[in-house]
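Visitor: Can you look at this prediction? I've put the sequence above it.
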Amino acid sequence: MLSASIKMYKIKDFIRWTETGEIHLEGSKKAIHTLAAAAGYHAGHNILIDLRDTTISQYDMGQMLELALEIARYKSVFSGRIANVIPNDKKRLKGARQFKTLMDVQGFQYEIFTDFEAAIEWLSDVKELGSQKE
């Protein structure tokens, strides 16, 4: 196996949130734009987004779709794997699974994790050139 290039982002490097730590829809859209700009400088890298230290207000499916479509605008920049590490919380996991479904439909290699090391392992699992892709 070959090692992958991984770029890690902590969401707090890109946006500010409320005193309670909530990320809102508009803040999330701004984060996507900023992340896309940063990712553009690291072409060919896989991306780890660490959301463990955040809370997110309950998004409805319409809002999740809006965010997935916003990310899809930058699909060429996000061509590698994207791992999203979130807190191990039932509500967060439910929303993350719904969001993953939307990302899968858009054709992204996107996975959610509650374990940081598992996310790194998935991002690093790159088959040698010429091997069959997953």
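Guide: Arrived safely, thanks for sending.

Visitor: Geometrically speaking, which residue is the centre of the chain?
Guide: Nearest to the mean C-alpha position of the chain, counting by CA atoms, centre = their mean, stands Asn84 at 4.3 Å.

Visitor: Which pLDDT value goes with Thr55?
Guide: We have a pLDDT of 76 for Thr55.

Visitor: who touches stretch 90-105?
Guide: Stretch 90-105 has contacts (CB atoms under 8 Å, 6 or more residues apart in numbering) with 56, 58-59, 61, 64-65, 67-68, 71, 82, 84, 86, 110-112, 114. Backbone N, C-alpha and C define where each C-beta goes, glycine included.

Visitor: give me that answer again for 6 Å
Guide: 64-65, 68, 86, 110, 112 (CB atoms under 6 Å, 6 or more residues apart in numbering).

Visitor: now, which of the residues you listed sits nearest Arg52?
Guide: Ile86 (6.6 Å; CB to CB).

Visitor: how about the helices in this structure?
Guide: Here the chain has its helices, by DSSP state H, at 25-39, 61-72, 90-105, 116-124.

Visitor: counting contacts, what elements does the first one pack onto?
Guide: In terms of contacts (3 or more CB pairs under 6 Å, 6 or more residues apart in numbering; DSSP states H and E), helix 25-39 is packed against helix 61-72.

Visitor: Report the residue spans of the protein with pLDDT below the cut-off.
Guide: 1-4, 6, 9-19, 21-23, 57-59, 126-134 (pLDDT under 70).

Visitor: Recalculate using a threshold of 90.
Guide: The model of the chain has pLDDT under 90 over residues 1-32, 34-35, 38-45, 47, 49-68, 78-80, 91-92, 95, 125-134.

Visitor: I'd like to know which of the helices of the chain is closest to Asp50.
Guide: The minimum distance between Asp50 and these falls on helix 116-124, with 7.3 Å, by CB to CB.
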